[in-house]
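Student: quick one, structure for this:
(2 chains, ligands or ions: 2)
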Amino acid sequence: MRLGSGAFAASCVAIEVIGVAIFLRGFFPAPVRSSSRTEHRAEPPAPEPVAGASSNWTKLPPPLFSKVVIVLIDALRDDFVFGSKGVEYMPYTTYLVEKGASHSFVAEAKPPTVTMPRIKALMTGSLPGFVDIIRNLNSPALLEDNVIRQAKVAGKRMIFYGDETWVKLFPKHFVEYDGTTSFFVSDYTEVDNNVTRHLDKVLKRGDWDMLILHYLGLDHIGHISGPNSPLIGQKLSEMDSVLMKIHTSLLSKERETHLPSLLVVCGDHGMSETGSHGASSTEEVSTPLILISSEFERKPGDIRHPKHVQQTDLSATLAIGLGLPIPKNSVGSLLFPVVERKPMREQLRFLHLNTVQLSKLLQENVPSYEKDPGFEQFKMAERLHGNWVRLHLEENNSDVLFGLGTKVLKQYLSALKTLSLSLSTQVAQYDIYSMAVGTVVVLEVLTLLLLSTPQVLHRRAELDVPVSSPVFSLLFYLMFLVLSAIHVVVCTSAKSSCYLCSLPWLAAGAVMVLVSMLLCVIVSALARMVMDGTQLRKNAVHPTSVWSEVDFLLLLGTVGHVLSLGASSFVEEEHQTWYFLVNTLCLALSQETFRSYFLGDNCEPQHHFHMAQGCEGTVHTLQYNTGYDAPEPNGENAKALGGHRRWAVLASPWLVLACCRLLRSLNQTGVQGAHRPDFGHWFTSSDHKVQLSVLAAVSLLVIFMLVQRGCSPVSKVALALGLLGVFCYRAAIGNVLFPWQSDKKGISKGIIEARFVYVFVLGILFTGTKDLLKSQVIAADFKIKTVGLWEIYSGLVLLAALLLRPHNLPVLAFSLLIQTVMTKFIWKPLRHDAAEVTVMHYWFGQAFFYFQGNSNNIATIDVSAGFVGLETYMEVPAAFLTVFGTYVGPVLWASHLAYFLNSETSSGSALSRACFCYALICSVPVATYIILVTSLRYHLFIWSVFSPKLLYEGMHLLITAALCVLFTATDQTTHTKSRVKMDTES
Amino acid sequence: MKDTDIKRLLYTHLLCVFSVILSVFIPSFFLENFSILETHLVWLCICSVFVTTVNLLLCLVVKPNVSSRRSSLSYKVTRFLKCCIYFFMSCVSLHVIFVLYGAPLIELALETFLFAVILSTFTTVPCLCLLGPNLKAWLRVFSRNGVTSIWENSLQITTISSFVGAWLGAFPIPLDWERPWQVWPISCTLGATFGYMAGLVISPLWIYWNRKQLTYKNN
Ligand SMILES: [Zn+2]
Ligand SMILES: [Zn+2]
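Tutor: Ligands and ions are numbered 1, 2, ... in the order given. Below you'll find the predicted structure:
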């Protein structure tokens, strides 16, 4: 099958998108959740089951404890309390554990063992998935049902001191709080003193129902000097004294009120032998969980081996202890020892509530829930429970009652255990199998792209893709059989759920076919390349292709950027990388202009202004073959240029540099510099509305001046009206001021204005498409096509002007300015070839992505773009607009690339080659990043840094695929045209 | 080109390397609390002075450029003044480039400027010593195949390696290691210094290894 390299690249990227999607599905498993998530209607609690009649006990049981104190010690490992360190440094706690009225457990935390998801797990009882973070884009607040919310609804007064993550997760939930930031890991005394200093006052007051303390010091010590440092002992003693203070105070309060209170001591995660956490080693997942209350029975002897439970069990226990409904998404089961001294009827009621909640969750998440053994046990237990209640109400013999009750209890407990297990295995781990399959697809595509690079950069931009022959080859069938066998084996033996296995077998089979087909194509391409290589070596004299500094920079910069993605800081500060690279590129271009204009005459002819003639059979360079039509020697070109033009060429890289510097100080982004003052904040502050209006107006004017020159008259008018509409829209929603509008009108949503602009956007895009189609049909000069492309481009510019916030309009104006300057004075006079121009466009596009204030953090996405011109939230348009608003930079630069290559060249090969290069340069980072993320999946920052970046990369690839399709579509027209031309010539 | 030339080149370069090393150790005898990282600006000044002095001395003693035909006093003075102006210009333009690269405009201006000074010392001063204030010659040396002697060749190498060192020195700045040397512009100045010294050491060796292939128009 013969394919144009553009079409080839587009299909490759499309397949890669499938691979990335499979990978992402495996990396971010869908969380187990109740369907009634958003509405927090208080559902009536399940009534007590009674055989035959209905129970009169339908309300929730009363709380067991009047006050609850949760002391969360960050990175408290189980052996710090239960091991020799505990005996040595925490004598009071050890006494309570061994002889006091307490229950102690080893609570197992699920990876990633990082603070925030662990707090979520403790309070919601669910295993938080990353998808949660995406679902509530701007608010870090926890939207899921949780104990804190339930307590607030029930009117409990809560106080919090400690890690400010809590304050972010539960805003407005605490009547009093003091958050300490864990930013300075080197500080391990202040963070804890900041918590402890409130204690005396709060304990004396007693006007609260729940007190939460989160101590960070231990975690910080672990990060600095590891779990064996002497500092650990000191810190544990400090914690012990804090616990003693709290416990004695609670006891004295209890004496006054005669109501039991509960003290919970727990850790969010453990600490590895090096002092870090995040992964799934035993040291990191084992945390102590101690419940202390006078309600509990004193134990006679010491128990050295506490029972192992799940961290998620705490939320159900807390909810029941406080008399609250159990959080809907909780997968935990009640810690039974807490209620074992209650009357039998209450015990059964508690267990019933918990099982009902779990079975409901199971019903909503597992289609075949009725076959689940836990569900069967639950049904059985409920029936027995009903019988028991009937007997109890009839006041039968207490011995019989007790015997039956114990039986029901056992039945309930085993049902709880099974249900909890089957629910938590739904999301427990990364779905490695899907991830591997996705990675294989992506890597195969990348290999294919890399293998065909030499061929594409060859003179002809068409390449043979051996599809039909490999499909019928033996290798293909063998591969398919092997893969299917592997699939069956993996799916039957897998313990946790797996996305690919849950797919219908036809879809899974299609994936297998894809994988094996790609492999066969690669093998045949390799074989042909080896053959070609030997042939070439025999007859071709390789013209020594010279690489210019710019080529080196482009290659090294791309490789360096890809490698930098392995470090979390470089991911956080990726904008710095791009600014740095773009600056260096400008300097290199400046050097090139200097050389070509000052030394153009006396030095050797410009080696890198490649001549299209003379490189017939070269195989491995990124650059040669321009595809520009008249390749005249550059020296003459330089001489022909007048003096003014010459100076303009020399000055233009510096102009671009200055523009970039200005844009860089418009929006501070990243992590380290985000708080620094920038022009963006200055303009958006309410004092500077006039300045912002002027800025927006000037930017819009500049945009119009720069865009209108390529448009047809009709689109010119449409563009002007559209840009005016953009300003009106901003004025209507109150961002900017009209000069002539003195009276203060009410701020509207600007629906009409925005839709007015949309009409013009669609109109311009339509005219552009029409021109493109016309050029294809008529096959006249390619001028119509150029105009069409420019119109599509200007339509996109107009849409971007509407969606970008007013202080970001200069970004758009400067991007147009830089494009114009570079086109006029750099790319045209210096005759860069298609590949170089493509890479430069890609770099600038990436830099502009960050210039507009984006970062690799999800929080910086401007969601307001999704509401422009929409009355209500509509998912599809809002998502499209948000994505476009976020990726304005890359999209505009790519569409400018399409226009530029079309206007500069007559042969279509340049465009399809550019499409190929674009696909390649976008898929290399994605493929590398997928591997990096897989190997870093237990990294401490996997959730906060690497996962958001993964999503950004995935989305970027999707956009690249769309752009490549667009490229190919425009390229197709050229193809038909050139074929027609050839036919007429021959 | 003779081996003795290369030897001379090597010795002069080693002297330059030595001067950089001396600038680290000598001041600690006279100044209290002197260290590269804490009193970085002082070190920058001292290093710059040391390197400039050594370069000037070498220029006067070794005289690699024999093209001083006219030697009237006024000519020498104007030449010297021109050199000073060139040096200052290069400092300013490097400062501008650093700001374009993202260095803060107002705060840390002195640090940025001293970085520009040290980088000029490593690059412009040797150029001035060797080629004089002659832009055409500079452009010739820094274009491909424009060098005419091993001195110019080594000049090319050391200058480029200083720039590359400073460029690479910017990489650790975003990392969150919280080391004292990650502060702007310390990592860059250190990078430039290491690049300069590496260039000084490498260039004679490189010329020695490639002495068969190298052909210069004049020698
Ligand atoms: Zn933690
Ligand atoms: Zn930590």
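Student: can you tell me the SS state at A:Leu518?
Tutor: helix (DSSP: H, G, I helix; E, B strand; the rest coil).
Student: tell me the pLDDT of it.
Tutor: Confidence at A:Leu518, expressed as pLDDT, is 88.
Student: ok, the residue nearest to it when sequence neighbours are not counted - how many residues close by?
Tutor: Nearest-residue entry for A:Leu518: A:Glu444, 4.0 Å, with adjacent residues in sequence omitted and distances by C-beta to C-beta, 6 or more residues apart in numbering or on different chains. Quick note: C-beta positions are derived from backbone N, CA and C, even for glycine. Counted with other C-beta atoms under 10 Å in any protein chain shown, residues neighbouring A:Glu444 total 23.
Student: so what's the backbone phi/psi at A:Glu444?
Tutor: Dihedral angles of A:Glu444 (phi, psi; degrees, to the nearest 10) stand at phi -60, psi -40.
Student: I'd say it and A:Leu519 touch.
Tutor: Yes: using C-beta atoms under 8 Å, A:Glu444 makes contact with A:Leu519 at a distance of 6.3 Å.
Student: which residues of chain B lie near chain A?
Tutor: B:97, B:99-102, B:139-140, B:143-146, B:167, B:170, B:173-176, B:178 (C-beta under 8 Å from any C-beta of the partner chain).
Student: kindly recompute the last result at 6 Å.
Tutor: B:100-101, B:139, B:143, B:174-176 (C-beta under 6 Å from any C-beta of the partner chain).
Student: what's the spacing between the residue of the stretch 551-700 of chain A found nearest ligand 1 and B:Gly165?
Tutor: Residue nearest to ligand 1 within the stretch 551-700 of chain A (C-beta to the ion): A:Ser568, separated by 16.9 Å. Distance, A:Ser568 to B:Gly165, using C-beta to C-beta, to the nearest Å: 26 Å.
Student: same deal with A:Pro739?
Tutor: Relative to B:Gly165, and taking C-beta to C-beta, A:Pro739 is found at 53 Å.
Student: neighbour count winner among the two?
Tutor: Comparing A:Pro739 with B:Gly165 by other C-beta under 10 Å, the one with more neighbours is B:Gly165, at 23 against 10.
Student: and the gap between that one and A:Gln591?
Tutor: In terms of C-beta to C-beta, B:Gly165 sits 18 Å off from A:Gln591.
Student: what's the answer for A:Asp145, then?
Tutor: 61 Å.
Student: between those two, which is the more surrounded one?
Tutor: Comparing A:Asp145 with A:Gln591 by other C-beta under 10 Å, the one with more neighbours is A:Asp145, at 23 against 16.
Student: point out the residues in chain B that sit beside ligand 1.
Tutor: Within chain B, no position is adjacent to ligand 1 by C-beta under 5 Å from the ion.
Student: centroid-nearest residue for chain B?
Tutor: Nearest to the mean C-alpha position of chain B, by C-alpha atoms, centre = their mean, lies B:Phe122 at 1.2 Å.
Student: how about it, what does it touch?
Tutor: B:162, B:192, B:196 (C-beta atoms under 6 Å, 6 or more residues apart in numbering or on different chains).
Student: can you redo the residues you listed as a markdown table with secondary structure?
Tutor: Converted to a markdown table, the contacts of B:Phe122 look like this (three-state DSSP):
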| residue | secondary structure |
| --- | --- |
| B:Ser162 | helix |
| B:Ala192 | helix |
| B:Tyr196 | helix |
